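Chemist: only geometry, no sequence info:
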């Protein structure tokens, strides 16, 4: 394949070669002009020629990245880079297996382009990880803010880089996909679960097979959520770690510093308001930063069968008899997570308690494992003893997804507010899962080349 590069008074040829063992049939060329800071993407078939008529500044340094793909498949298979084209008469580029050395997001100038523009000139996207209720399949959508114009044709190029921090750390993939849309949403390339993802999106104008970059988003990150299969596998790991030693659950108790903003507000209004869940626990958990709630602990001290005398999360404690929050007729309970924070620390099981039909319930239903409040190992009602119990040797925590009316609670028998000794408080962003634990981590996926 030869790509013809035309300058103001000369022509140059770029010869591109690759091993025939790689079955590619599409070339994407990314051209950067270091003087004008223009960037163009050229989507080419193997039979195409390539004319760069717009780069006429003889002082400019042209940097060219070339990528090999299969048609209809956005994954980059081969890549090569050529810098300072002016000083080369007939550059020869050998496409090799794609690696971080040729990454569009880390080693080329287009990553930093437009970073000095005003905020209004940058494209802003939110990542929406959705579930098809009928098929159960996940899909990811990049969604622009509602102020963007809808029903107007827009063309985007997305660059996706996966580093697989929660899968096999040796795997690395990068994708390029061209998308035309009339809405404020761009479908993301199809990605597996539990992937650490970097992404950058360009709005482009087209002329034939050339796409000129007009605006760009900032480089951003997210982690693809656990699938229902992943959550079920975590559930099985939690069951394996459960010891058959039933413990009473006299209270669901919540600890916070007495000067915490939510506690101050609750004293003023009488309402302890739910707020967005942090990133505590499994990094790929679908509830992180997605639903609102209030965390309660269910695990009692194993010697006293009462909540521990010392709190690691603050000096103010409320104690709610479990029957006030748990009711099989008015609430659904889901298994969400199983994790530990340190190598020698305790394990935690996260349950989510929702009101049927609520926003949180609708979100959790296709994503989490629904439990029977009368028949599970983590938090259940035992009719023989007429009380709630847990058979788990791990610490059970419950994310209650409704507000708590303290004034109403105070009128009920058994509800308590008290102060306890404290040895710390929770971190605002939460503590991520210890990924080296052999007990609570899912098996790593094999490298995907």
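Modeler: Received, thanks. Since we're looking at a predicted model, the values are computed, not measured.
Chemist: Show me what the longest strand anywhere in the chain is packed up against.
Modeler: For the chain, the strand with the greatest residue count under DSSP state E is strand 196-207. With contacts defined as 3 or more C-beta pairs under 8 Å, 6 or more residues apart in numbering; DSSP states H and E, the secondary structure elements packing on strand 196-207 are strand 39-45, strand 154-162, strand 210-216, strand 220-223. Heads up, the C-betas are built off the backbone N, CA and C, glycines and all.
Chemist: So for the shortest one, what gets flagged as buried?
Modeler: The neighbour-count criterion (16 or more other C-beta atoms under 10 Å) identifies 222, 223 as the buried residues of strand 220-223.
Chemist: Excluding covalently adjacent residues, which one is nearest to residue 199?
Modeler: Nearest non-adjacent residue to residue 199, counting by C-beta to C-beta, 6 or more residues apart in numbering: residue 160, 5.2 Å away.
Chemist: cool, and residue 163?
Modeler: Of all residues not flanking residue 163 in the chain, residue 196 sits nearest, at 4.8 Å (C-beta to C-beta, 6+ apart).
Chemist: Do a quick rundown of the helices in the stretch 101-250 of the chain.
Modeler: Taking DSSP state H, counting those that start in this stretch, the helices of the stretch 101-250 of the chain run over residues 228-240.
Chemist: okay, how far is it across stretch 243-251, tip to tip?
Modeler: End-to-end distance of stretch 243-251: 21 Å, with C-alpha to C-alpha, to the nearest Å as the criterion.
Chemist: Residue 232: what's it in contact with?
Modeler: When the contact criterion is C-beta atoms under 8 Å, 6 or more residues apart in numbering, the partners of residue 232 are residue 369.
Chemist: Kindly recompute the last result at 10 Å.
Modeler: By C-beta atoms under 10 Å, 6 or more residues apart in numbering, the contact set of residue 232 is 226, 335, 368, 369.
Chemist: now for whatever helix or strand the second one lives in, which elements pack on it?
Modeler: Per DSSP states H and E, residue 335 falls inside strand 332-340. Counting contacts by 3 or more C-beta pairs under 10 Å, 6 or more residues apart in numbering; DSSP states H and E, strand 332-340 packs against helix 228-240, strand 347-354, helix 359-364, strand 369-371, strand 395-400.
Chemist: again, 8 Å this time
Modeler: Contact partners of strand 332-340 among helices and strands, from 3+ C-beta pairs under 8 Å, 6+ apart: helix 228-240, strand 347-354, helix 359-364, strand 369-371.
Chemist: Not counting that strand itself, show me its contacts.
Modeler: Contacts with strand 332-340, where a contact means C-beta under 8 Å, 6+ apart, come from 231, 234-235, 237-238, 241, 281-282, 285, 287, 326, 346-356, 361, 364-365, 368-371, 373, 376, 378-379, 394, 399, 433-434, 437, 439-440.
Chemist: and residue 175, what does it touch?
Modeler: So, once contact is read as C-beta under 8 Å, 6+ apart, residue 175 ends up touching 74, 75, 76, 158, 159, 160, 161, 189.
Chemist: what does residue 217 give?
Modeler: Taking C-beta under 8 Å, 6+ apart as the criterion, residue 217 is in contact with 122, 123, 124, 125, 199, 200, 201, 202.
Chemist: Quick one, grab the pLDDT at it.
Modeler: According to the prediction, residue 217 has pLDDT 89.
Chemist: Distance of it relative to residue 415?
Modeler: When distances are taken as C-beta to C-beta, to the nearest Å, residue 217 and residue 415 turn out to be 49 Å apart.
Chemist: do the same with residue 407
Modeler: Between residue 407 and residue 415 the distance, using C-beta to C-beta, works out to 11 Å.
Chemist: Between these two, which is the more surrounded one?
Modeler: Counted by other C-beta atoms under 10 Å, residue 407 and residue 415 do not tie: residue 415 has more neighbours, with 17 against 9.
Chemist: What is the burial count for the closest residue in space to that one that isn't next to it in sequence?
Modeler: Nearest non-adjacent residue to residue 415, counting by C-beta to C-beta, 6+ apart: residue 409, 4.5 Å away. By other C-beta under 10 Å, the residues close to residue 409 number 20.
Chemist: Residue 301 now?
Modeler: By the criterion of other C-beta under 10 Å, residue 301 has 12 neighbours.
Chemist: Checking my notes, it in a helix, right?
Modeler: No. Remark: residue 301 does not belong to a helix; assigned using DSSP: H, G, I helix; E, B strand; the rest coil, it is coil.
Chemist: Need phi/psi at it.
Modeler: Torsion angles at residue 301 (phi, psi; degrees, to the nearest 10) stand at phi -60, psi 130.
Chemist: quick one: low-confidence ranges for the stretch 101-250 of the chain?
Modeler: Where the stretch 101-250 of the chain drops to pLDDT under 70, the residues are 106-121, 146-151, 164-171.
Chemist: can you pull the contacts of the residue nearest to residue 415?
Modeler: Contacts for residue 409 were tallied using C-beta under 8 Å, 6+ apart; they are 318, 320, 324, 415.
Chemist: And for residue 206?
Modeler: Under the criterion of C-beta under 8 Å, 6+ apart, the contact list for residue 206 reads 155, 212.
Chemist: Who is it paired with across the strands?
Modeler: On the basis of DSSP bridges, residue 206 takes part in beta bridges with residue 211.
Chemist: Including distance to residue 261, could the contacts of residue 175 go into TSV?
Modeler: Formatted as TSV, those follow (distance: C-beta to C-beta, whole Å):
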residue	distance to residue 261
74	44
75	46
76	46
158	38
159	39
160	37
161	37
189	40
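Chemist: Out of those residues, which is nearest to residue 144?
Modeler: Distances from residue 144 to those, taken as C-beta to C-beta, are shortest for residue 158 (12.6 Å).
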